[in-house]
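J.: need a 3D model of the following:
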Amino acid sequence: MNPQNQKLYVGNLNFDANEDQVRELFSSYGEVAEVKIIMDRFSGRSRGFAFVCMNTADEAGKAKEALQGQPFQGKALVIDLARTEQRDRPAGDRRERSPTGGGGGGGEFRPRREWGDRPAGDRRDNRGGDRYNR
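T.: Model (predicted):
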């Protein structure tokens, strides 16, 4: 992709829209370099959004202003500038995550109790559960 190109996010697309129809819609605001409708990898159907790459930022701005909220195949379009953070990283590279490995749990470590290690006054017997010796 040339640095002069400007990429737009196009949301709320009809699931039946194809790339040629989206290209035709945007071509009245300038030259369209690329249209990519994002597909679901399991079903093969559209996920309802696309990315449109215009040749200049000026053309992208005109298209965004003109088409924001406009109906296309029965749905009002949502158009915004695409975020660049994903494009700037190499494929497969992920964001840094916290070293804890996720949420949940917490508190202090407690070693596992053995059968006979019950606190004084515990009404349960060694067979487990409190249904015995009530």
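
J.: kindly export the helix or strand containing Asp80 (C-alpha atoms) in PDB.
T.: Secondary structure from DSSP states H and E places Asp80 in strand 78-81. Coordinates of the C-alpha atoms in strand 78-81 are reproduced here as PDB (Å, rounded to 0.1, in the frame of the first residue of the first chain):
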ATOM      1  CA  VAL A  78     -20.800   3.800   9.300                       C
ATOM      2  CA  ILE A  79     -17.600   5.200   7.900                       C
ATOM      3  CA  ASP A  80     -14.400   6.100   9.800                       C
ATOM      4  CA  LEU A  81     -10.700   6.200   9.200                       C
END
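
J.: from the contact counts, what lies against it?
T.: Judged by 3 or more CB pairs under 8 Å, 6 or more residues apart in numbering; DSSP states H and E, the packing partners of strand 78-81 are strand 6-11, helix 57-67. (Glycine included, C-beta is placed from N, CA and C.)

J.: at 6 Å instead, please
T.: Applying 3 or more CB pairs under 6 Å, 6 or more residues apart in numbering; DSSP states H and E, one finds that strand 78-81 makes contact with strand 6-11.

J.: contacts for the strand it packs on next, please.
T.: The contact list for strand 6-11, computed with CB atoms under 6 Å, 6 or more residues apart in numbering, reads Phe49, Ala50, Phe51, Val52, Cys53, Met54, Ala57, Ala60, Val78, Ile79, Asp80, Ala82.

J.: ok, what's across the strand from Pro71?
T.: For Pro71, the beta-bridge partners are Ala76 (DSSP bridges).

J.: where does this structure dip in pLDDT?
T.: Where the chain drops to pLDDT under 70, the residues are 1-5, 85-107, 109-134.

J.: residue boundaries of the helices in it?
T.: Secondary structure of the chain by DSSP state H: the helices cover 19-27, 57-67.

J.: got a list of what Glu34 touches?
T.: Cys53.

J.: any idea what it is bridged to?
T.: With DSSP bridges as the rule, Glu34 is bridged to Cys53.
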